[in-house]
Structures are given as structure tokens and as C-alpha cells.
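Enquirer: Everything below, folded, please.
(one chain, ligands or ions: 1)
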Amino acid sequence: MARQMTGPASSSDPQDAATSGQSSGGDHQLILAIVQDEDAGPVIEALTRDGFRATRINTVGGFLRKGNATILVGVERERLHRALLIVRDNCETRTEYFVPTAPGEVGEPYPLDPIQVQVGGATVFVLDCERFERL
Ligand code: 2BA
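Expert: Now for the predicted structure:
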């Protein structure tokens with residue numbers, strides 16, 4: 001049976017709500033924060049210390065092709081601001097270099113001058129959570 005973590009039961013599926021009364025809907029949001037590898041540990045630690053639950057997924061940035069981390073945090077709407085502050089306070093801006101390449105006349109592409117890019121603090125998406133359950 002589904003366990004409700006917080007808040008009143010309010011499912012988007014009336015049948016589910018009637019049978020279990022255990023799902024919770026529009027009072028939650030999902031933070032999807034893409035952070036640099038070095039910052040992921042401190043962000044997760046600070047979030048959990050403050051009572052948030054978080055999941056880290058190891059990801060790779062499309063531009064630099066360098067490992068980063070995507071952190072998922074399901075939060076009650078009234079705690080969203082606090083969670084975002086924690087993410088912000090634990091992420092740094094760093095300088096990285098991207099080496100573009102040009103096609104070679106024969107065989108391998110050859111490297112051009114490195115381009116400097118500023119990475120981070122964090123890239124954050126906040127999504128309304130239609131439904132949230134712990135089963
Ligand atoms: P990457 O795609 O590896 O991008 C690393 C950094 O390279 C970016 O830092 C930005 O400064 C630069 N960059 C990215 N795409 C570029 C482009 N087309 N032209 C010139 N410079 C470019 P951030 O903006 O801080 O992004 C850090 C990481 O966050 C990204 O790693 C990517 O994994 C993610 N990200 C950023 N914006 C996103 C978006 N709109 N959708 C999905 N993921 C995103």
C-alpha cells in the first residue's frame with residue numbers, strides 16, 4: 001500500500017484517491033539541479049542535513065562531455081526556496097576549457113585553440129509535481 005510522506009491526500013486520479021487515500025499531488029515540486037561533480041557531495045549532504053530527500057544521478061554535459069551530476073529533490077512547495085538556497089550556496093562557478101576540432105584533410109580532426117567557458121554554479125529546473133507517492 002502507498003505511504004503518504006507529507007500533506008493531505010489529493011490524487012489526480014480520483015479512483016486511486018478513493019481506494020487508497022495515500023497519494024499526494026500539487027503540493028510538491030521536483031527540483032532537477034545539474035551541478036558539477038565536485039559540488040554534488042556537499043549539495044547532497046547539506047540537503048539531507050536540512051531534512052530534504054535527494055537522489056544523485058551521474059550525468060555528462062552535452063557540450064564539455066565531462067561528468068556532472070543531476071540531483072533530484074522532491075519538495076513541498078513551501079520548502080522550495082530553502083532547498084534552492086542550499087543548492088546555490090554549495091555550488092561554485094569554475095572555468096573550464098573546451099578544445100574544438102576542425103576536420104583534417106586526411107584522417108583525424110585536429111584541435112583548435114581552447115575556448116574558455118564558465119561552468120555553474122548550478123543549472124536548475126523546477127517542475128510542478130502532478131503526483132507524488134511512496135509505495
Ligand atoms: P555542458 O553542456 O558540458 O556545458 C558546460 C558549459 O559550457 C556551460 O556551463 C556553458 O558555460 C558552456 N556551454 C554549454 N553549451 C554551450 C554552447 N552551445 N555554446 C557555448 N558554450 C556552451 P553551464 O551553463 O553552467 O552548464 C553546466 C551543465 O548544465 C551543462 O554541461 C549541461 O550538462 C547542463 N545544462 C546547462 N543548460 C542546460 C539546459 N538548458 N538543458 C539541459 N542541461 C543544461
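Enquirer: How about the contacts made by the residue nearest to Leu112 when sequence neighbours are not counted?
Expert: When the adjacent residues along the chain are set aside, Leu112 lies closest to Pro100, with 4.8 Å between them (Cβ to Cβ, 6 or more residues apart in numbering). No exception for glycine: its C-beta is placed from N, CA and C like everyone else's. If a contact means Cβ atoms under 8 Å, 6 or more residues apart in numbering, then Pro100 has Pro111, Leu112, Ile115 as its contacts.
Enquirer: Look up how far the ligand lies from Pro100.
Expert: With the distance defined as Cβ to the nearest ligand atom, to the nearest Å, Pro100 ends up 10 Å from the ligand.
Enquirer: just Pro109 next, same as before
Expert: 18 Å.
Enquirer: ok, and the closest non-adjacent residue to that residue?
Expert: Ranked by Cβ to Cβ, 6+ apart and with sequence neighbours excluded, the top spatial neighbour of Pro109 is Thr101, at 3.9 Å.
Enquirer: List the contacts of the one you found.
Expert: Pro109, Tyr110, Pro111, Leu112.
Enquirer: Next, count neighbours for the first one.
Expert: It stands for Pro109. Pro109: 10 surrounding residues under other Cβ atoms under 10 Å.
Enquirer: Same question for the last one.
Expert: As a burial measure, the neighbour count of Leu112 was computed by other Cβ under 10 Å and equals 11.
Enquirer: Which residues of this structure lie near the ligand?
Expert: When proximity is defined by Cβ under 6 Å from any ligand atom, the chain lies next to the ligand at Ile34, Gly61, Gly62, Phe63, Leu64, Lys66, Asn68, Val117, Gln118, Val119, Gly120, Thr123.
Enquirer: give me that answer again for 5 Å
Expert: By Cβ under 5 Å from any ligand atom, the part of the chain that sits against the ligand consists of Ile34, Gly61, Gly62, Phe63, Leu64, Val117, Val119, Gly120, Thr123.
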